[in-house]
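Trainee: Generate a structure from the sequence data that follows.
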Amino acid sequence: MIRLLIVVVVLIVAVVLNKALSKRSTQAPTQANPSMPTQVDRADFSDADKEWLVLAFTSSTCTTCADIERKAEVLKSCSVAVEICEFTSHREMHKKYLIDAVPTLLIADSQGVVHKGFLGPASATDIWAALARVRDGLSDPHEGDCH
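Mentor: Below you'll find the model as predicted:
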């Protein structure tokens, strides 16, 4: 009987200590609503004269980012510029466009208006289809002709 009483007392003390300590500790911050820019300045990026810009904000420590980079690079063409903004080497761009989560991939037109964005992992099919959809919305009969 005494053993049972000791076990009950120890459990009560453990629960009380747990409650007291959990109130004192701070919870890690979370990114509940990471945002994506709706406008970029095309002058900030190379090939500003191309009709479309695929912009990937990444980090070298992110394995998903390397996958997004590979998928974006395939989209380069005479009318599509692809720019990779890796955090370490493009920290100011991440700050300027308030990028707080990677990978972030944007598809912007020649005026810098972002038509589509992806946050986190995305399939090649989804990225390529998104570019095709936005290009079709503003298509030119000579689009795709490289001069």
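
Trainee: Just want the most central residue of the protein.
Mentor: residue 104 (2.3 Å; Cα atoms, centre = their mean).

Trainee: In space, what's closest to that residue - neighbours in sequence excluded?
Mentor: Counting by Cβ to Cβ, 6 or more residues apart in numbering, residue 104 lies nearest to residue 57, which is 4.3 Å off, once chain neighbours are set aside. All C-beta spots, glycine's among them, are computed from the backbone N, C-alpha and C.

Trainee: now swap in residue 41 and tell me
Mentor: residue 112 (5.7 Å).

Trainee: any idea how far that neighbour is from residue 126?
Mentor: Distance, residue 112 to residue 126, by Cβ to Cβ, to the nearest Å: 22 Å.

Trainee: Between the two, which is the more surrounded one?
Mentor: residue 112 (19 against 14; other Cβ atoms under 10 Å).

Trainee: Could you pull up the residues touching the more buried one?
Mentor: 39, 40, 41, 42, 53 (Cβ atoms under 8 Å, 6 or more residues apart in numbering).

Trainee: Contacts only, for the second one.
Mentor: Under the criterion of Cβ under 8 Å, 6+ apart, the contact partners of residue 40 comprise 53, 55, 97, 106, 108, 112, 114.

Trainee: okay, now residue 118: neighbour count?
Mentor: By the measure other Cβ under 10 Å, the count of residues near residue 118 is 20.
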